[in-house]
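*Asks:* Generate a structure from the sequence data that follows.
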Amino acid sequence: MICYLGGNNETMSIIIHAEEFGYYFNREQFDLIYNQTTKAFQQLISQEQFKELAIAFNQGVTHYQLEFQTTLADLTYYIWLDNRKEKAISASFDETGMIHSLYLKPYVTYPETDRIYTKNTYIMPVKGEWLVFWGGTNEFVNYHYAYESQRYAYDLIQIQNGLSYKETPTRNENYYAFSQEIVAPAAGKVVKVVDGLKDNIPGEMDAHNPAGNYVIIKHQSKEYSMLAHLKQSSIRVHEGDNVKLGQCIGLCGNSGNSSEPHLHFQIMDSTDFTTGKSIRIRFKDDQEPIQGDLISNPNQFKEPLTEKIDKVDTALTIGELLLFIPRGIVQFIKNL
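*Replies:* Numbering: from 1, shown residues only. Just a heads-up that it's a prediction; the model follows:
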């Protein structure tokens, strides 16, 4: 459906409904789409450049199918796949229909690693209710997916009324996740502790210490959990300690390559998070949350923020990024 706004043909503006974006993209209605993007988007790329890229991307496509939809903060994100599942489009819309971000990427899968789950079962290492900000088996819902060392990692935040902070976003103490207890996802032995790094001012990141303050726990079957970006001087365990399932190991922070307080959680096959391989996590209740899911301990989650059209058990990898508009601190990419 196309909405017409305005009183006459000269001033009338046309708004494409987000759910039908794929249809109009395939019909090469690129002028309409471009006019619906933000000023920031238009400052990065001209209308002619956009049309040239879009026409090339559209070659050989008969239709796009909407596969995924989720709402985070004040934006709703959509993913479309082409008829041959070789290309993917991701776009985010605000409540007025304005397009804030747009990705055009090839579609690639990693079936060899997708089919391998952890031998142990785990819980999410948090207390209370948290939001999966990044998580799942495609790059649009989990930016880690492109990197084998982080492929099945989760980034978790807490929100209230659609935001991860109260008042202003410039103080860590204003973020709901900051100083919340982080717990062991399974019983094991602590093999690595890094502490003492300062928490970042929100919006700034420490690329020299990507994981920030973190704990690595060795579990059965040579599986290792990593809990990263912890609060400075909050870690309550030491290397060599045995920990129980659900035992508090520290507090959520904003250290390392992190733009706001959140928890990075992954299971891997090595103590070295730079060279080890991330393993897809088998949770205790056989659920597998993805971006937009609200989760609680023990891994019971619900989907009030998310309409899952298809959980897309396949993967959309990094490919060639053509267009992207960042949107606010809550949407900064939270690198490991």
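*Asks:* Can you list the buried residues in the lengthiest helix in the chain?
*Replies:* When the chain is scanned for its longest helix (criterion: DSSP state H), the result is helix 47-58. The neighbour-count check on helix 47-58 (16 or more other Cβ atoms under 10 Å) flags 50-51, 54, 57-58 as buried. No exception for glycine: its C-beta is placed from N, CA and C like everyone else's.
*Asks:* quick one: average confidence on the next helix or strand after that helix?
*Replies:* The helix or strand immediately downstream of helix 47-58 is strand 64-72, counting by DSSP states H and E. Averaged across strand 64-72, the pLDDT comes to 89.
*Asks:* For strand 64-72, list the C-alpha coordinates in CSV.
*Replies:* C-alpha atoms of strand 64-72 as CSV (Å, rounded to 0.1, in the frame of the first residue of the first chain):
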residue,chain,number,x,y,z
TYR,A,64,11.7,-10.2,-2.3
GLN,A,65,10.1,-12.0,0.6
LEU,A,66,9.8,-10.4,4.1
GLU,A,67,11.5,-12.8,6.5
PHE,A,68,12.0,-10.9,9.8
GLN,A,69,10.6,-8.0,11.7
THR,A,70,11.5,-6.6,15.1
THR,A,71,11.2,-3.3,17.0
LEU,A,72,14.1,-1.9,19.0
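*Asks:* tell me what it is packed against?
*Replies:* helix 21-26, strand 75-82, strand 306-307 (3 or more Cβ pairs under 8 Å, 6 or more residues apart in numbering; DSSP states H and E).
*Asks:* can you tell me which of those comes nearest to G240?
*Replies:* With Cβ to Cβ as the measure, strand 306-307 is the member of the helices and strands packed on strand 64-72 nearest G240 (40.7 Å).
*Asks:* tell me which element S101 falls in.
*Replies:* Counting by DSSP H and E, S101 is part of strand 99-106.
*Asks:* Let me know the angle separating that strand from strand 75-82.
*Replies:* 30 degrees (axes from the mean of the first three to the mean of the last three Cα atoms, to 10 degrees).
*Asks:* what angle sits between strand 99-106 and helix 47-58?
*Replies:* Using the same axes, to 10 degrees, strand 99-106 lies at 40 degrees relative to helix 47-58.
*Asks:* picking that back up, please identify the most buried of the helices and strands packed on strand 64-72.
*Replies:* Across the helices and strands packed on strand 64-72, averaging neighbours per residue (mean count of other Cβ atoms under 10 Å) puts strand 75-82 on top, at a mean of 22.
*Asks:* and for the longest helix of the chain, what are the contacting residues?
*Replies:* 25-26, 28, 30-31, 33-34, 45, 87, 104, 322-323 (Cβ atoms under 8 Å, 6 or more residues apart in numbering).
*Asks:* Show the average pLDDT along that helix.
*Replies:* 96.
*Asks:* Over to stretch 223-241?
*Replies:* Mean predicted confidence for stretch 223-241 is 98.
*Asks:* and that stretch, how far apart are its ends?
*Replies:* 16 Å (Cα to Cα, to the nearest Å).
*Asks:* From what I see, Q150 and I267 are in contact.
*Replies:* No: between Q150 and I267 there is no contact under Cβ atoms under 8 Å: 10.9 Å.
*Asks:* Could you name every residue contacting both of those two?
*Replies:* Common neighbours of Q150 and I267 (Cβ under 8 Å, 6+ apart) are S278.
*Asks:* Mind checking which residue lies nearest the centre of this protein?
*Replies:* W134 (2.3 Å; Cα atoms, centre = their mean).
*Asks:* Name the helix or strand for the closest residue to that residue other than its chain neighbours, please.
*Replies:* Take W134 and drop its neighbours on the chain: the residue closest to it by Cβ to Cβ, 6 or more residues apart in numbering is D155, 4.0 Å away. Using DSSP H and E, D155 falls within strand 154-157.
*Asks:* quick one: low-confidence parts of the chain?
*Replies:* 1-13, 298-336 (pLDDT under 70).
*Asks:* Walk me through the domains of it.
*Replies:* 2-107+314-331, 111-304 (automatic domain parsing).
*Asks:* taking the contacts of helix 47-58 one by one, which sit in strands?
*Replies:* 87, 104 (DSSP state E).
*Asks:* Distance to D94 added to the contacts of helix 47-58, as TSV?
*Replies:* As requested, the contacts of helix 47-58 are exported to TSV (distance: Cβ to Cβ, whole Å):
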residue	distance to D94
F25	18
N26	23
E28	24
F30	20
D31	20
I33	15
Y34	16
I45	19
K87	25
L104	20
L322	21
L323	17
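*Asks:* Looking at the contacts of helix 47-58, which one is closest to I290?
*Replies:* K87 (21.1 Å).
*Asks:* In contact with the closest one, which residues?
*Replies:* K87 touches 57, 61, 81, 104-107, counting by Cβ under 8 Å, 6+ apart.
*Asks:* Quickly list what the closest residue to S234 other than its chain neighbours is bridged to.
*Replies:* Sequence neighbours aside, L251 is the residue nearest to S234 in space, at 3.8 Å (criterion: Cβ to Cβ, 6+ apart). Under DSSP bridges, the beta-bridge partners of L251 are E181.
*Asks:* Now do L251: how many residues are near it, please.
*Replies:* 21 (other Cβ atoms under 10 Å).
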